[in-house]
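J.: quick one, structure for this:
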Amino acid sequence: MMLASVAQVVPTEATQQAAGYPTLFLLIVLGALVPVVPTGALVSSAAVVAFHQTAPFSLLLLFGVASLAAFLGDIALYWLGRRGMHSKNGSRWLEAIRSRAPRERLEQAQDKLADHGVMVLVLSRLVPAGRIPVMLACLMAKMPLRRFARGDIPACLAWAVTYQIIGILGGSLFKEPWQGVVAAIVLTVAISATPALWRKVRRLAGSQHA
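T.: Take a look at the predicted model:
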């Protein structure tokens, strides 16, 4: 009876991994290039599912897939941005990066880059909406791709660990995986929305005192 149950569970999990991880990889790469895909929520949700699986090394495999996809997406976007910097008329990728980097955030990123060098990339990956301004600051500073890559490796590793921990916490609180997925999504969306909400509150407070 037990062997029959295991035989039923293993193929199901194997099928999920075979289809799920490549899909997750592509979505994270796409999310790095076009930041409309909530990649943090994807990693947290996948971590919930992996937490409830019996297959060994599911969480470790998820960590590898997420961090590698984030790194390749960042490198691709930075390469496209550098290509735009050297183009006479720029490129749509560079303009897209600029459009997503408010002037105030860009100036802060430039100051942090000057003070801390490439290590600021680690923080930029962990702070919601912090990646693009720091990347643009690196582009404007004409940072070589190889140097950017050295700083982006620990940044992507830290990012993958952080959102995976959020998913593990959500998975440990609920018996049903779907409940943990909902909790992880709500938490990651709340974290992502906090900086924008805080800036809006500051602007309203400033306009009232003006």
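J.: point out where the chain drops to low pLDDT.
T.: Low-confidence segments of the chain, defined by pLDDT under 70: 1-19, 54-56, 88-90, 172-210.
J.: let's see it at 90
T.: Along the chain, the model assigns pLDDT under 90 to residues 1-21, 32-42, 44-59, 82-119, 123-130, 165-210.
J.: show me where it has helices.
T.: Defined through DSSP state H, the helices belonging to the chain, from first to last, are 2-33, 39-51, 58-85, 92-99, 103-116, 120-126, 131-140, 145-173, 177-209.
J.: Ala47 contacts Leu62, doesn't it?
T.: Yes: under the criterion of CB atoms under 8 Å, Ala47 lies in contact with Leu62, with a separation of 6.1 Å. Placement of C-beta: from N, CA and C, glycine included.
J.: more neighbours: which of these two?
T.: Counting neighbours by other CB atoms under 10 Å for Ala47 and for Leu62 shows that Ala47 has the greater number, 28 against 24.
J.: mind listing what's buried in stretch 92-100?
T.: For stretch 92-100, the buried set under the neighbour-count rule, 16 or more other CB atoms under 10 Å, comprises 93-94, 96-98.
J.: list of residues touching it?
T.: By CB atoms under 8 Å, 6 or more residues apart in numbering, the list of residues contacting stretch 92-100 from outside reads 34-35, 77, 80-81, 83-85, 87, 132, 135-136, 139.
J.: mind putting those residues in a markdown table, distance to Leu121 included?
T.: Formatted as a markdown table, those follow (distance: CB to CB, whole Å):
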| residue | distance to Leu121 |
| --- | --- |
| Val34 | 20 |
| Pro35 | 16 |
| Leu77 | 13 |
| Leu80 | 17 |
| Gly81 | 14 |
| Arg83 | 20 |
| Gly84 | 19 |
| Met85 | 18 |
| Ser87 | 24 |
| Ile132 | 12 |
| Met135 | 8 |
| Leu136 | 12 |
| Leu139 | 13 |
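J.: so how do I select the buried members of those in ChimeraX?
T.: For selection in ChimeraX, the members of the contacts of stretch 92-100 meeting the burial criterion (16+ other CB under 10 Å) are listed in this command:
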select :35,77,80,81,84,132,135,136,139
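J.: so what sits against both of Ala47 and Leu62?
T.: Common neighbours of Ala47 and Leu62 (criterion: CB under 8 Å, 6+ apart): Gln164.
J.: the closest residue to Trp159 other than its chain neighbours and Ala158, how far apart?
T.: Closest residue to Trp159 apart from its sequence neighbours, by CB to CB, 6 or more residues apart in numbering: Arg125 at 4.2 Å. In this view, Arg125 and Ala158 are 6 Å apart by CB to CB, to the nearest Å.
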